[in-house]
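Asks: Output the structure for:
(chains A and B)
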Amino acid sequence: MRVLIIEDDVESAQHMADDLAGFGLEVTVIHDGGAALAPGVGDGPYDVLIIDRMLPGCDGLELLRRLRARGVETPALFLTAMGAVADRVAGLQGGGDDYVVKPVDCQELNARVQVLAKRGARTGDPTLLACGDLEFDRLQRKVWRRGQVVSLLPLEYRLLEFLLLNRGQPVTRKMLLEQVWGFHFDPRTNIVETHISRLRGKLDETGGPPLIHTIRGAGYVVREP
Amino acid sequence: MAFQTIALVLAFGVAGLLAILSIQQVTERAYRADVLGEVGSLDDEWRHKGVAHLSYTVTKRSRLWHGFEYGLASPSGGVLAGDPSLARLAHAGWTKSVAAKGLALAYTERLPGGGWLSVARDLTAQQEEMRTLAILLALSGAAGVAICLATACLTSHWTWRRLDALSSTAALVAGGQLAVRAPVRRVDAPDEIDDLSLAFNAMLDRISRLVDQLRRVTTDVAHDMRRPLTRLRQKLERLARAAADTPTVAAEVRRLDADFLEILRTFDALLQLAEIEGSPRPEGLVDLTDVASRVSEALRPDIEVSGRSLDALMESARVKGDADLVAQALVNLLENALRHTPVGARIELRVEDNAGAPRLSVRDNGPGIPPDLRDLALAPLGRLEASRSTAGSGLGLAIAASVAVRHGARLELADAAPGLEVSISFPPSRRTD
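Replies: Residues are numbered from 1 along each chain as shown, chains lettered A, B, ... in the order given. All right, here's what the predicted structure looks like:
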């Protein structure tokens, strides 16, 4: 998996590159937004772009807009110190696929990059999701395990749906808080853990192997055992 | 006010009185001079023409009114000519006597031979003039008092307004808005109040700089600590995996990891606090009902599992601000309620529209916080139990307070009798729909 980092802070970019390389990613770093626009760079064969919003001379947002205008569809993640709601909304509406506020630890970054890369490769938006003997109908909002209906609360549906959409790919606690609860901060209680264990309980009632796994330090993943 | 009025009235009164008295004196001296002049002329008459001729002169002059009245008496006291009451004056010198036309100023002299001559100047005209003058002086005095009071009122009102602007600025600063400054009317030619405002602003500049420096130090420390702490946790993770076959060691490593996570969370909270305090006024629109619903549903399982109950009472309310910050504040308040109440406690989350000035409150029926300890509770890392045994950094309430300030709102701790009620009261907003 190839990642392009566009970040003007040399030291920070190097740290990020080293961390991600440690997870097995192939990382290229450039420090100048203008250089990203050169042919073969921003529109090169990358699976994910990581862009800092505050680049000298131009806003990362503007950079991505120009790349998108040229037909670059590579998923992009904004990594930035600008954390206000308005900035995040602008980033996501401006063609970004994820928006992360610094500081972020490398496992979080890695998880998100992987999720974005897989999402980029996936085509279409299926209405039926499945994992092992579990089936999820997104239109009808119904869940079956081994043919038996599993009754879930709305929040639990959203949680399971998000896990299934990223099947096989660990999603972090932060990602769940953002996508399922709409919280862009970290509450100090164990909301996520509590709900995951409830969900597990309900899914495992019908018998069958556990499908939701906890990956220490990385998050949760739904996959066949 | 009353003191000023009395003083002014006295001042104008005394001035008026003195004016009238001195005018009266001057006029009287003039009249006396007139009378003496007339007496002198009559003296010439009887010196040249003899005393007997005097009654003729007096009678004649009496008939021509040129401001004088006369009285002539014989040595035996009989009225020879002129006004009888004046003629009856039988001692030399000045008298004020009532004559034909009213009060008169008379001068009497003894004539050789024993008779008495009196010449008098009518005072009624003077008296009327004095009365008119007194009235005029009274009126102008009253006008003077009124103008003085009005000017004093206006000046003190303007001064009061400017001082009030200064104390409003101070109140805003005390409420957390370090960026405001007192208005200064003329920078190039400042008066005393401007000087005061300039000094006040200079002091605020210095305080802002100090606060910024302090915040930067705290933030830098927190940032610098995060990296090594995160790396430490990664190393602990590897250690735990390596010790997988010695469960006691693995368990100990996990406990260590939990401690480090706690430290990391404290730093995160410190950073967040600094960020909230340094950020500008948030601009978005927040549906308080939606935020409160999401937060209460998110925390409900934890609350109920722990043996407490949560009631959510919502009215429809919106404010200008940042939904994430408000959500964070509410989460902190609910977490605190969860953490600081015994099993079986009832927690209530309320959203009230309050006629356009929305109010959020979290109330519990736990032990509450005694009034003298409430300030300590709000201070960052301020904790009430000396042992600091319960989990969670002491920053939750401080962050909620900071969020309130950022939204121009007020966070208050009150006695829920029994228990604690923490409320966030937003300022009234103009309808943005």
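
Asks: Residue B:411 falls within a strand, correct?
Replies: Yes. Secondary structure of residue B:411 (DSSP: H, G, I helix; E, B strand; the rest coil): part of a strand.

Asks: Grab the nearest non-local neighbour of it.
Replies: Closest residue to residue B:411 apart from its sequence neighbours, by CB to CB, 6 or more residues apart in numbering or on different chains: residue B:404 at 4.0 Å. C-beta: built from backbone N, CA, C; applies to glycine.

Asks: ok, and for the helix or strand of chain B with the lowest mean pLDDT, which residues are buried?
Replies: Sorted by mean pLDDT, DSSP states H and E, the helices and strands of chain B end with helix B:374-378, the least confident at a mean of 74. Across helix B:374-378, burial judged by 16 or more other CB atoms under 10 Å in any protein chain shown covers B:374, B:377, B:378.

Asks: go on, stretch B:126-145?
Replies: For stretch B:126-145, burial by neighbour count (16+ other CB under 10 Å) applies to B:126, B:137, B:141, B:144, B:145.

Asks: Please list all residues in contact with residue B:23.
Replies: B:130, B:133 (CB atoms under 8 Å, 6 or more residues apart in numbering or on different chains).

Asks: which SSE is it in?
Replies: Secondary structure assigned from DSSP states H and E places residue B:23 in helix B:2-49.

Asks: Need the pLDDT of the residue nearest to residue B:411.
Replies: Per-residue confidence (pLDDT) for residue B:404: 91.

Asks: Give the rounded mean pLDDT of the helix or strand hosting residue B:257.
Replies: Assigned by DSSP H and E, residue B:257 belongs to helix B:247-278. Average pLDDT, helix B:247-278: 80.

Asks: how about it, does it reach chain A?
Replies: Yes. Contact between helix B:247-278 and chain A, assessed by CB under 8 Å from any CB of the partner chain, occurs at B:265, B:268, B:269, B:272, B:275.

Asks: Among these, which one sits closest to residue B:56?
Replies: Nearest to residue B:56 out of the residues of helix B:247-278 next to chain A is residue B:275 (CB to CB; 117.7 Å).

Asks: Can you name the element that comes right after whichever strand or helix holds residue B:350?
Replies: Using DSSP H and E, residue B:350 sits within strand B:346-352. Note on strand B:346-352: by DSSP H and E, the next helix or strand toward the C-terminus is strand B:359-364.

Asks: ok, residue B:106 - contacts?
Replies: Shown in contact with residue B:106 (CB under 8 Å, 6+ apart): B:35, B:69, B:71, B:86, B:89, B:94-97, B:99, B:118-121.

Asks: where do the helices sit along chain A?
Replies: Under the criterion DSSP state H, chain A contains helices at A:10-22, A:33-36, A:60-69, A:85-93, A:106-121, A:154-165, A:173-176, A:191-204.

Asks: Out of the ones you listed, which is closest to residue B:418?
Replies: The nearest among the helices of chain A, by CB to CB, is helix A:191-204 at 28.1 Å.

Asks: quick check, that closest one touching chain B?
Replies: Yes. Interface with chain B: helix A:191-204 contributes A:191, A:194, A:195, A:198 (CB under 8 Å from any CB).

Asks: Does anything pack onto that helix? Which helices or strands?
Replies: Judged by 3 or more CB pairs under 8 Å, 6 or more residues apart in numbering or on different chains; DSSP states H and E, the packing partners of helix A:191-204 are helix A:154-165, strand A:212-215, helix B:288-305.

Asks: how about TSV for those, with distance to residue A:72 and mean neighbour count added?
Replies: Formatted as TSV, the helices and strands packed on helix A:191-204 follow (distance: least, CB to CB, whole Å; neighbours: other CB atoms under 10 Å in any protein chain shown):
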stretch	distance to residue A:72	mean neighbour count
helix A:154-165	24	19
strand A:212-215	31	15
helix B:288-305	35	20
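
Asks: and residue A:25, which of those is closest to it?
Replies: The minimum distance between residue A:25 and these falls on strand A:212-215, with 17.1 Å, by CB to CB.

Asks: Identify the residues contacting the closest one?
Replies: With contact meaning CB under 8 Å, 6+ apart, strand A:212-215 is reached by A:163, A:170, A:196, A:199, A:200, A:203, A:220, A:221, A:222, A:223.

Asks: give me that answer again for 7 Å
Replies: Strand A:212-215 has contacts (CB atoms under 7 Å, 6 or more residues apart in numbering or on different chains) with A:163, A:170, A:196, A:199, A:200, A:220, A:221, A:222, A:223.

Asks: Please convert these to CSV, extending it with pLDDT.
Replies: Formatted as CSV, those follow (pLDDT from 0 to 100):
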residue, pLDDT
A:163, 93
A:170, 92
A:196, 93
A:199, 92
A:200, 92
A:220, 94
A:221, 92
A:222, 92
A:223, 89
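
Asks: hey, C-alpha coordinates of stretch A:202-210 in CSV?
Replies: Extracted C-alpha coordinates of stretch A:202-210, given in CSV (Å, rounded to 0.1, in the frame of the first residue of the first chain):
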residue,chain,number,x,y,z
LYS,A,202,-26.7,-10.1,21.4
LEU,A,203,-25.0,-11.5,18.4
ASP,A,204,-23.6,-14.5,20.4
GLU,A,205,-27.0,-15.4,21.9
THR,A,206,-27.9,-17.4,18.8
GLY,A,207,-24.7,-19.5,19.2
GLY,A,208,-21.9,-19.4,16.8
PRO,A,209,-18.3,-18.2,17.1
PRO,A,210,-17.5,-14.6,18.1
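
Asks: List the contacts of the residue nearest in space to the middle of chain A.
Replies: Ranked by distance to the mean C-alpha position of chain A (CA atoms, centre = their mean), the top residue is residue A:112 at 3.6 Å. Counting by CB under 7 Å, 6+ apart, residue A:112 touches A:77, A:98, A:100, A:175.

Asks: Chain B: which of those residues is nearest?
Replies: residue A:100 (14.1 Å; CB to the nearest CB).

Asks: I'd guessed the closest one sits against residue A:79; true?
Replies: Yes. Under the criterion of CB atoms under 7 Å, residue A:100 makes contact with residue A:79 at 5.2 Å.

Asks: Residue B:204 - how many residues pack around it?
Replies: Residue B:204 is flanked by 18 other residues according to other CB atoms under 10 Å in any protein chain shown.

Asks: Verify the stated contact: it with residue B:170.
Replies: No. Counting by CB under 7 Å, residue B:204 does not reach residue B:170; the two are 9.2 Å apart.

Asks: How far off centre is stretch B:403-418?
Replies: Using CA atoms, centre = their mean, to the nearest Å, the distance from the centre of stretch B:403-418 to the centre of the chain it belongs to is 26 Å.

Asks: now do stretch B:400-412
Replies: 26 Å.

Asks: Now the terminal residues of that stretch, how far apart.
Replies: 11 Å (CA to CA, to the nearest Å).

Asks: which bits of the stretch 151-300 of chain B sit near chain A?
Replies: Within reach of chain A by CB under 7 Å from any CB of the partner chain, the stretch 151-300 of chain B has these residues: B:223, B:226, B:230, B:237, B:265, B:268, B:279, B:282-284, B:294, B:297-299.

Asks: what two of these are the furthest from one another?
Replies: Farthest pair in those, by CB to CB: B:237 and B:283, 40.5 Å.

Asks: Cool, thanks, signing off.
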